[in-house]
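J.: Show me the folded form of this:
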Amino acid sequence: MFEAIQEIEIALRTKVNHEFSMQHGAFWFYDTSLVDDEHKYIENMNAVDRELQRSKEDFIKEHRQKYDKPAFPPSWKTLELASFGTLSKLYYNSNDTKTKKRIARQFNLPQHEVLESWMRSLTVLRNCCAHHSRIWNRRLTNAPQMCVPLRGAWVDTTNIDGNKLYAITCCIAYWLDSMGRGDSFKTKLKILLTSTPSVDASAMGFPEDWDSQPLWS
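T.: Numbering: from 1, shown residues only. As a prediction, the model looks like this:
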């Protein structure tokens, strides 16, 4: 799961950086005219600043030797250091819904609200994985939006528990499919579940016919 999350995180970081920079310039992430909530903006900038202050990356050291203004390096340097949570919050708090929607559609999602929902769910799962926490039968917070019409192969969302692992696993598989990288993840997951028959997949929210759903077929 963590390996799959890392692929998604890299793709999101790349697309968010590129799309917002092309639209608003290299310093879009601390432009106050682009934010919905000023309080959240301050929190986000404090988080970004903390990452910069403790960074020992050569590209940050070299930047500081050459420039003392503006306060932050351009986004493709600064956001390389931002956590996935901070990157997600910058996306949530942007008032440029047109650019947010364009990013969502690059992941074959219809609206930015769906992408935001999936990002929130993924952040929770990522933190569990990063701390080696149990995930197999955990009830996760921030259930992703599931009951939305999607262009790609999807699943029957009837009776799916959005707080169980199966829901966000479907989102991960769909996400990776949109990047052309879903087959490997799905194959590995099927092999893992087949090789561990003692594990109750239903405790993770997997329905009996999960592997015959269009997303997994």
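J.: out of everything not next to it in sequence, what's closest to the residue positioned nearest the centre of the chain?
T.: Centroid-nearest residue in the chain: M119, 3.9 Å away (criterion: C-alpha atoms, centre = their mean). Once flanking residues are discounted, M119 sits nearest to S88: 4.6 Å by C-beta to C-beta, 6 or more residues apart in numbering. (Glycine included, C-beta is placed from N, CA and C.)
J.: give the contact list for that neighbour.
T.: Shown in contact with S88 (C-beta atoms under 8 Å, 6 or more residues apart in numbering): 12, 116, 119-120, 123.
J.: can you pull out the strands in the protein?
T.: With DSSP state E, there are no strands along the chain.
J.: Domain map for it?
T.: For the chain, automatic domain parsing gives the domain ranges 2-95, 112-212.
J.: Endpoints of the last one, how far apart?
T.: From its first residue to its last, domain 112-212 covers 29 Å (C-alpha to C-alpha, to the nearest Å).
J.: And for the first one?
T.: Using C-alpha to C-alpha, the span of domain 2-95 from its first residue to its last is 30 Å.
J.: Please give the centre-to-centre distance between that domain and its chain.
T.: Distance, stretch centre to chain centre, for domain 2-95: 15 Å (C-alpha atoms, centre = their mean, to the nearest Å).
J.: ditto for stretch 83-98
T.: Put simply, stretch 83-98 sits 10 Å off its chain's centre (C-alpha atoms, centre = their mean).
J.: same deal with stretch 194-206?
T.: Relative to its chain's centre, stretch 194-206 lies at 25 Å (C-alpha atoms, centre = their mean).
J.: Of all the residues in it, which ones are buried?
T.: By neighbour count on 16 or more other C-beta atoms under 10 Å, the buried set for stretch 194-206 is 201, 204-206.
J.: Touching, the residue nearest to the centre of the chain and R13? I think so.
T.: No: applying C-beta atoms under 8 Å, one finds M119 not in contact with R13, separated by 11.5 Å.
J.: quick revisit: mind putting the domains of the chain in TSV, distance to I103 and mean pLDDT included?
T.: Output for the domains of the chain, formatted as TSV (distance: least, C-beta to C-beta, whole Å; pLDDT from 0 to 100):
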stretch	distance to I103	mean pLDDT
domain 2-95	5	95
domain 112-212	7	95
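J.: Switch these over to CSV; also include distance to Q106.
T.: Shown next, in CSV, are the domains of the chain (distance: least, C-beta to C-beta, whole Å):
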stretch, distance to Q106
domain 2-95, 6
domain 112-212, 8
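J.: circling back: any idea which of the buried residues of stretch 194-206 is the one closest to T158?
T.: Lowest distance from T158 to those (C-beta to C-beta) belongs to G205, with 12.8 Å.
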